[in-house]
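Participant: fold the stuff below for me.
(one chain, ligands or ions: 1)
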Amino acid sequence: MTENKDNDIKEPEYREYIDRWIDGHREEMIEDLKSLVRIASVKGEAREGMPFGEMPARAVHAMQEMMERYGLRVTNYENYCIAGDLDAEGGKALDILAHLDVVPVSDTWTKTAPFEPLVEGDRIYGRGTSDDKGPAVAALYAMRCIRELGLDLKNGVRLICGSDEESGSADLEYYYAREKEALYTFSPDSHYPLINIEKGRLSRKFCAEGAGAADAPKAGYVRILSINVGDAPNIVPGRGTMVISGASDDMLRKAADETEALTGGSFSWKTEDGKSVVTAAGESAHAASPELGINSVTMLLELIKRLPVTEDYGSALLGRVGQLWPHGDYYGEGLGVGACDEESGKLTMSLDILRYDLSEDSGMFRLEGAFDCRAPLCCDDNNLTAKVRARLKAEGLAMEEGNMTPVHYVSADSEIVRKLLESYELYFGKKGEPFAIGGGTYVHDLERGVAFGCAVPGVDNRMHGDDEFMEIPVLVTSAKIFADAIMRLCS
Ligand SMILES: [Zn+2]
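Facilitator: Below you'll find the model as predicted:
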């Protein structure tokens, strides 16, 4: 080992061989990635021997063919997953987990058709280039490189490519029902430097029903007839509607102006026969980072606070929901469950679905909501789930049964984290600190798995969006990093 002057990482003697080999196979690697991108491996209807439809199975076969061509020992898990091994005397130590399925595409791509890969400058565009076919190919080339250079491994490494990551990871469930977790696992399906903590999740529905009021509201008062916001509990809703009666234009204008100033969203409405349909336009976001959105549910609840609402039970309950989830409270303060720790950060809490219906015939109402909470290490079912349930109950709201999904945690001091970060630091020339995220990754259910690469901080690869791309230098560097990481963990 020699000392690298730019940073303090020891530079291994095999580095120049790896670098030269990977650089020399750059074009071939891009061609292999292109051939995978051309397969529109969006989940389809299950068929005999094709658990996620024809196209994901075709992507599995294409990867199988590459693994065989490059001399790996291949095992096909009934087209759920394909695994390629680089064997060594001491048995397998490392699994690398990538996936070959992709999310559906829109018709608004501007650079190229989603399944017709295009190289432009330093980028390759196409669905799956960064999520996750590019990283899968980088890992494949890392293994091919070690094999063709004849570098010595004490322990084996396996590349596992699944085909259902985007739709619930039934591929991994199938795989791990048959195989044990390796000593080390990393998944290049996220961000550099490295994710060692995925917050716990508590996503639950709640509801209430009872007698509201059937008669027309008194003059000067507003009655809430219905609210309809949100589709998925894990998405901050960008748009929502509410129907009210008895509101004058002036009344709505004043309340809307105040609420718009507070929230940054906007309202519009149409009034006919004394009924107004109010639309709230905010900004949608992933529930794991609610502060990036403008929640249209809490916008409507803030609007209600500024209207002269009738004093019936249903309206009162809506008022209480508005106290528990005030607009702009992303951290569960209103519910009294705010929490934070140094390693995993703040608890986030987002009310993402709200439905309310008042029957004008019977005067009965039904209220339903759903929230999504991402919880740091210090939270458990006692100090979170039970507390939220009790708080909702005290306000007359019944919460669905069930426990939180626990936090995924691998110590920052563990060998896998330290060694992967050494590889990162060697190639990126800067200090790598592991970090926590609110969302879940491919390794969430593994005891010792971490997410490592391939997106670099500050670059939006538009994963799941239009014009998804991978930076070719990052692809090439990732292949080198993975080869270096395999050497560190397996030789
Ligand atoms: Zn992915």
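Participant: and the most centrally placed residue in the chain, what does it touch?
Facilitator: Against the mean C-alpha coordinate of the chain, by C-alpha atoms, centre = their mean, the closest residue is residue 439 at 4.5 Å. Residues near residue 439 by C-beta atoms under 8 Å, 6 or more residues apart in numbering: 198, 286, 288, 374. From N, CA and C alone the C-beta is placed, and that goes for glycine too.
Participant: scan the residues you listed and report the most crowded one.
Facilitator: For the contacts of residue 439, neighbours were counted using other C-beta atoms under 10 Å, and residue 374 has the most, 33 neighbours in all.
Participant: who's in contact with the residue in the stretch 251-400 of the chain positioned nearest to the ion?
Facilitator: The stretch 251-400 of the chain approaches the ion most closely through residue 286 (13.9 Å), counting by C-beta to the ion. Counting by C-beta under 8 Å, 6+ apart, residue 286 touches 234-236, 292, 438-439.
Participant: which helix or which strand is home to residue 319?
Facilitator: Using DSSP states H and E, the element containing residue 319 is helix 313-324.
Participant: hey, C-alpha coordinates of that helix in CSV?
Facilitator: The C-alpha trace of helix 313-324 is given here as CSV (Å, rounded to 0.1, in the frame of the first residue of the first chain):
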residue,chain,number,x,y,z
TYR,A,313,-69.9,17.8,15.6
GLY,A,314,-68.4,17.0,12.2
SER,A,315,-67.0,20.5,11.8
ALA,A,316,-65.7,20.4,15.3
LEU,A,317,-63.8,17.2,14.5
LEU,A,318,-62.3,18.8,11.4
GLY,A,319,-61.2,21.7,13.6
ARG,A,320,-59.4,19.2,15.9
VAL,A,321,-57.7,17.5,12.9
GLY,A,322,-56.5,21.0,11.9
GLN,A,323,-55.0,21.4,15.4
LEU,A,324,-53.2,18.1,15.3
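Participant: helix, strand, or coil at residue 473?
Facilitator: helix (DSSP: H, G, I helix; E, B strand; the rest coil).
Participant: next, find the distance separating it from the ion.
Facilitator: 21 Å (C-beta to the ion, to the nearest Å).
Participant: with adjacent residues omitted, what lies nearest to that residue?
Facilitator: Using C-beta to C-beta, 6 or more residues apart in numbering and skipping the chain neighbours, the partner closest in space to residue 473 is residue 122 (6.0 Å).
Participant: for the one you found, give me its contacts.
Facilitator: Per C-beta under 8 Å, 6+ apart, neighbours of residue 122: 471-473.
Participant: check whether residue 432 sits in a helix, strand or coil.
Facilitator: Here residue 432 is coil, with the state taken from three-state DSSP.
Participant: check contacts around it.
Facilitator: 192-194, 421, 424-425.
Participant: of all those, which comes closest to residue 484?
Facilitator: residue 424 (9.2 Å; C-beta to C-beta).
Participant: who are the contact partners of the residue of the stretch 301-450 of the chain found nearest the ion?
Facilitator: Nearest residue of the stretch 301-450 of the chain to the ion: residue 442, at 6.7 Å (C-beta to the ion). Applying C-beta under 8 Å, 6+ apart, we find residue 442 in contact with 97, 99, 162, 165, 169, 172, 187, 189, 449, 451.
Participant: which pLDDT value belongs to it?
Facilitator: For residue 442, the model assigns a pLDDT of 90.
Participant: element containing residue 244, please.
Facilitator: Going by DSSP H and E, residue 244 is in strand 239-245.
Participant: next SSE after that strand?
Facilitator: Trace forward from strand 239-245 with DSSP H and E and the next one is helix 249-263.
Participant: tell me what that next one is packed against?
Facilitator: Contact partners of helix 249-263 among helices and strands, from 3 or more C-beta pairs under 8 Å, 6 or more residues apart in numbering; DSSP states H and E: strand 266-272, helix 296-305.
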